[in-house]
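# how would this look folded up:
(chains A and B)
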Amino acid sequence: MLLVIERDLRRFIQFKFIIILRTIWFAAQVAFFGLIASRMVVPELADIYFEFYVAGVVIMMLYSASVFIGYDIFEEAEHGVFEYLLSLPVSRKELVLGRSIGGGIRSFILVGPIIAITLFIIGLANPLNLLVAFSALFLFAFGISGMSITIAVTLKSGDRFDIFMGVLSALIVRLSTAMYPQAFVQDANQAYAAFSQFNPVTYASDLFRWGTGIERYLTMSPMPLAAIIGIVIFFFIFTFVGVTFYEKRLEGGGWQ
Amino acid sequence: MKAILHLIEHDFRNFFRYKWWLAGLISMNLADLLIMAVVYDRMLSPEIAEQIKSYFSFFAPGVTVVGLFASAFMIGREINMEVRRQIHHYMLSLPITRLELALGRLLAGGLRGMMYMTPLLLTTFLIIGFPSLPQLFIILGALFLLATGISGVSIAAAVSISSFEKFITVRGLIYYVLFFCSSIFYPLSLIQTLGQEGIMPQPLVVLAELNPLSNGANLIRAFLLGNPPFAFDMIRNLVVFSAIFVTAATIAYMKIIEQK
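Next up is the predicted model:
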C-alpha cells in the first residue's frame, strides 16, 4: 500500500503547472476577492471577513486537489496503465486504499505552503486546536479522494466525469460555508441552508476556522465534535464505498 | 469572404463537440448567480446596498461577461492543440489566404463567445429588465468587440506558446487577473477606494479601470441599472482593446504558423 501511495505522490509532483495554477488562483482569491469583498459586507462581519474568507479558500483548494485523483484514473485507463496495476502483487483493497490515501496526502502537500501563508495572515490562536483540526482535515481529504475515485469508476467516461465533477464542485462549494457564514445562507434561502448544514466542505471549513481561532460564525455545535463526527462519517462512507466500487470495476475490464 | 464563413462553420462544429464542457460551464455560471449572488445579497453593507441596490442584479451582467470570456477564450486551446499536433500544416494547404485564415479563426472565436453568452444575457434581461432597442444594439456591439478581443488574446497566447502546460498556466494567469481585478464581482469604486488608501497598488487600480471585462459589465449595468452611469470611455476602451488584440493575434497567427 505504501508503494501505491508513493507512486501517486510521485505522479503528482510531475503536474507542476497545476501547482503553479492553484497558487495563482489562491493569490488572486486572497489579494483581490478576499480583500475587496471584506469592504462590501455588513459591518458586523467586515472586521473578520477577510480571515474568514482566506480560511474558506484553503478548504476549497484542499477539496479541488483531493478531487484530482479521479482525473488520474481516467488518464491511466486511456493509456492502459490499469492492466499494469492489476498485474502487480498488490491486492485490490490495498490498491484502492493506497490511492485514496495517496490522493489525500498529495493534496495536503499542495495545500501545505498555502496553509503556512494562511496561518501567517490569520495568526495561530491555539496550536492544539489546529492539530485536532488538521487530523480531521486529513480524513476530509481522504474522503474527497475516495468520492472522486467512486465517481470516476462509476461514470467510466472522461467527459461525463469532467462535467459531473465541475457541477458537483460548483454546488458543493457554493452550498457550504466556505465563502459565507451559515447565518447569511439561512437568511438567503432555507433550502440552501439545509444543504449547507450537511455538507463536508462546511464541516472542514468550520474545523479549520476553529483550529485557527476564527470562532465567530461557526455552523456546527458543539465544536469540534459535531464537525469531526460529520467528517468521519463522510470519510467512512466514501472510502469504503470507493473501495467496493473500484474493486468490482477493476475485474474483467469493467472500467472500459 | 466565403473562406472565412467556412472557417467559422468549422470552428462552430468543433465548439459543439465540447457540449459536456459547455454544460459544466453553464452550471458553474448559474451556480454563481443563483447561489453565491443570492447569499451575498444578504451580506451587503448599507453603503454598498445603497450604491448597487441588489448584489443579484449587480452580478448578473458580471456573470454574462464571465461566460462570454470563458467561451471566447476556448478557441486558443484548439489552436494551441493544432499547432502542437501540426494540424496547422493542413490548414495552410487549404485554398485560403493567411489573412482569411487568421480573421476566420478570430471571428469564429468571438461569435462562439456571443452564442454562448446569449442565454446568460437573456437571463440578465429577465432579472433586471430589458434595454431599449438602441441600447440593445450598443450592448451587443460592445460585447462582440469584447468577444473578438478575447479571442485575439487567446489566439496570440496559443500560437506564441508551444507547450500545452505553459499555455494552460498562462491562460489561468490571464483568467484570474482579469476576473478578480475587475468590476465583475464588486463595484469599481471599492477597488479605487483601496487604491486611495494605498492598500491596492495603483497599477492594479488602473488595470481594473481599463479591464475590458469591467467595461463590458459596466456597460450592461449602465443601461439596465443606471449605475455606473454610461460613459463613452467604456466603448472607447473596448474598441482599443479589441483593435490591439485582433491586430496582434492576426499578425502572430500568420507569422507563427508559417514558421513551424
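
# what about the helices in the stretch 151-256 of chain A?
A:158-174, A:182-188, A:190-197, A:200-212, A:225-250 (DSSP state H, counting those that start in this stretch).

# ok, the residue nearest to the spatial centre of chain B - contacts?
Nearest to the mean C-alpha position of chain B, counting by CA atoms, centre = their mean, stands residue B:69 at 2.5 Å. Contacts for residue B:69 (CB atoms under 8 Å, 6 or more residues apart in numbering or on different chains) come out as B:113, B:146, B:150, B:175, B:178-179, B:213. Any C-beta I mention is one placed from the backbone N, CA and C, and that applies to glycine too.

# Are any of these buried, and if so which?
Listed as buried from the contacts of residue B:69 are B:113, B:146, B:150, B:175, B:178-179, B:213; burial here means 16 or more other CB atoms under 10 Å in any protein chain shown.

# Pipe the residues you listed into a markdown table and attach pLDDT, distance to residue B:250 and secondary structure per row.
Formatted as a markdown table, those follow (pLDDT from 0 to 100; distance: CB to CB, whole Å; DSSP: H, G, I helix; E, B strand; the rest coil):
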| residue | pLDDT | distance to residue B:250 | secondary structure |
| --- | --- | --- | --- |
| B:113 | 90 | 17 | helix |
| B:146 | 95 | 17 | helix |
| B:150 | 94 | 15 | helix |
| B:175 | 89 | 23 | helix |
| B:178 | 91 | 21 | helix |
| B:179 | 91 | 26 | helix |
| B:213 | 96 | 22 | helix |
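
# ok, so of those, who is nearest chain A?
Chain A lies nearest to residue B:179 out of the buried ones among the contacts of residue B:69, by CB to the nearest CB, at 7.5 Å.

# Number of residues surrounding residue B:51?
Neighbour count of residue B:51, defined by other CB atoms under 10 Å in any protein chain shown: 16.

# Checking my notes, it in a strand, right?
No. Assigned with DSSP: H, G, I helix; E, B strand; the rest coil, residue B:51 falls outside any strand and is helix.

# And the closest residue in space to it that isn't next to it in sequence, its phi and psi?
Spatial nearest neighbour of residue B:51, excluding adjacent residues (CB to CB, 6 or more residues apart in numbering or on different chains): residue B:187 at 6.2 Å. Here is the backbone geometry of residue B:187 (degrees, to the nearest 10): phi -60, psi 150.

# re earlier: find the helix or strand that the residue nearest to the centre of chain B is a member of.
Here residue B:69 sits within helix B:55-84, counting by DSSP states H and E.

# tell me which residues in that helix are buried?
Buried residues in helix B:55-84, counted by 16+ other CB under 10 Å: B:55-80, B:82-84.

# Please convert the contacts of residue B:69 to TSV, extending it with distance to residue A:199.
Formatted as TSV, the contacts of residue B:69 follow (distance: CB to CB, whole Å):
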residue	distance to residue A:199
B:113	33
B:146	36
B:150	34
B:175	26
B:178	30
B:179	25
B:213	30
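
# got the contact list for whichever residue of the stretch 51-200 of chain A sits closest to chain B?
Chain B sits closest to residue A:166 of the stretch 51-200 of chain A, with a gap of 3.5 Å, by CB to the nearest CB. When contacts are counted by CB under 8 Å, 6+ apart, residue A:166 touches B:24-25, B:27-28.

# out of these, what pair is the most spread apart?
Among the contacts of residue A:166, the pair separated by the greatest distance (CB to CB) is B:25 and B:27, at 7.3 Å.

# Tell me which of the helices of the stretch 151-256 of chain A approaches residue B:226 most closely.
Short answer: helix A:182-188, nearest of the helices of the stretch 151-256 of chain A by CB to CB, at 25.1 Å.

# Find the nearest non-adjacent residue to residue A:154, please.
Nearest non-adjacent residue to residue A:154 (CB to CB, 6+ apart): residue A:245, at 6.2 Å.

# So what's the residue count around the one you found?
Should you count by other CB under 10 Å, residue A:245 turns out to have 20 residues around it.

# Now do the same contact list for it.
The neighbours of residue A:245, taking CB under 8 Å, 6+ apart as the test, are A:149-150, A:153-154.

# now it: how far from chain B?
22 Å (CB to the nearest CB, to the nearest Å).

# give me the low-pLDDT residue ranges for the chain?
Went with chain A since none was named. In the predicted model, chain A carries pLDDT under 70 at residues A:1, A:9, A:11-15, A:250-256.

# Wait, chain B was what I had in mind.
Residues of chain B that meet the cut-off, pLDDT under 70, sit at B:257, B:259-260.

# one more time with 80
B:1, B:3, B:16-25, B:86, B:88-89, B:162-165, B:256-260 (pLDDT under 80).

# Show me where it has its helices.
B:2-17, B:19-31, B:37-43, B:46-52, B:55-84, B:88-93, B:98-128, B:133-160, B:164-180, B:188-196, B:202-210, B:212-224, B:232-259 (DSSP state H).

# List the buried residues for the shortest one?
Right, the one you point to is helix B:88-93. In terms of neighbour count (16+ other CB under 10 Å), helix B:88-93 has its buried residues at B:88, B:91.

# Name the helix or strand for residue A:49, please.
Per DSSP H and E: residue A:49 is located in helix A:43-67.

# what does chain A put close to chain B?
A:16-17, A:20-21, A:24-25, A:27-29, A:31-33, A:35-37, A:39-43, A:45-46, A:159-160, A:162-163, A:166-167, A:170-171, A:174-175, A:179-180, A:184-185, A:187-189, A:192 (CB under 8 Å from any CB of the partner chain).

# Only the buried subset of those residues, as a ChimeraX command please.
Listed next is the ChimeraX selection for buried residues among the residues of chain A next to chain B, using 16+ other CB under 10 Å:
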select /A:17,20,21,24,25,28,29,31,32,33,35,36,37,39,40,41,45,159,162,163,166,167,170,171,174,175,179,180,184,185,188,189,192
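
# Around chain A, pick out the residues from the stretch 151-260 of chain B.
B:165-166, B:168-169, B:172-173, B:176-177, B:179-181, B:185-187, B:190-191, B:193-194, B:199-200.

# can you tell me which helix in chain A is longest?
Taking DSSP H as the criterion, chain A has its longest helix at helix A:92-122.

# what angle separates the helix holding residue A:49 from helix A:92-122?
150 degrees (axes from the mean of the first three to the mean of the last three CA atoms, to 10 degrees).

# packing partners for the next helix or strand after helix A:43-67?
Downstream of helix A:43-67, the first helix or strand assigned by DSSP H and E is helix A:69-78. Counting contacts by 3 or more CB pairs under 8 Å, 6 or more residues apart in numbering or on different chains; DSSP states H and E, helix A:69-78 packs against helix A:2-14, helix A:81-87, helix A:92-122, helix A:127-155, helix A:158-174.
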